[in-house]
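Chemist: below is the sequence, then the predicted model.
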Amino acid sequence: TFRAKEVTCRGLLKQAQWKNWNWVSQADHFVHGACFTRSSNPSTNK
């Protein structure tokens with residue numbers, strides 16, 4: 001399933017609880033269907 005392969009699985013939290021966290025992935029390489037779900041504003045420069 002999608003959640004089983006999500007690198008940053010937020011467990012049982014609802015999106016409203018984590019949507020303002022600033023988690024991003026840059027130049028990371030994921031294998032075997034692993035994925036990363038951004039939880040920040042894409043225009044945020046850090």
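Modeler: Yep, that arrived. Bear in mind the structure is a predicted one, so any value in this text is a computation, not a measurement.
Chemist: OK, contacts around the residue most central in space within the chain?
Modeler: In the chain, the C-alpha nearest the mean C-alpha coordinate belongs to residue 37, at 2.7 Å (Cα atoms, centre = their mean). Contact partners of residue 37, counting by Cβ atoms under 8 Å, 6 or more residues apart in numbering, are 6, 8. C-betas here are computed from N, CA, C, even on glycine.
Chemist: just the pLDDT for it.
Modeler: Looking at residue 37, its pLDDT reads 76.
Chemist: what segments of this protein are helices?
Modeler: 15-18 (DSSP state H).
Chemist: got any ranges where it has weak pLDDT?
Modeler: For the chain, applying pLDDT under 70 flags the ranges 1-4, 9-10, 40-46.
Chemist: quick one: the strands in it?
Modeler: For the chain, applying DSSP state E gives no strands.
Chemist: residue 25 touches residue 36, doesn't it?
Modeler: Yes - between residue 25 and residue 36 there is a contact at 4.3 Å, judged by Cβ atoms under 8 Å.
Chemist: now the common contact residues for these two.
Modeler: Joint contacts of residue 25 and residue 36 (Cβ under 8 Å, 6+ apart) are residue 7.
Chemist: now the residue nearest to the centre of the chain, what are its backbone angles?
Modeler: phi -110, psi 110 (degrees, to the nearest 10).
Chemist: what distance do you get for it to residue 22?
Modeler: Using Cβ to Cβ, to the nearest Å, residue 37 is found at 13 Å from residue 22.
Chemist: what's the answer for residue 34, then?
Modeler: For residue 34, the distance to residue 22 - Cβ to Cβ - is 21 Å.
Chemist: who's in contact with residue 8?
Modeler: 23, 36-37, 39.
Chemist: just flag the most distant two among these.
Modeler: Using Cβ to Cβ, these reach their maximum pairwise distance at 36 and 39, which is 9.6 Å.
Chemist: ok, how many other residues are close to residue 6?
Modeler: By the criterion of other Cβ atoms under 10 Å, residue 6 has 15 neighbours.
Chemist: grab the nearest non-local neighbour of it.
Modeler: Distances taken as Cβ to Cβ, 6 or more residues apart in numbering put residue 35 closest to residue 6, at 5.6 Å, once the chain neighbours are dropped.
Chemist: with that, I have no additional questions.
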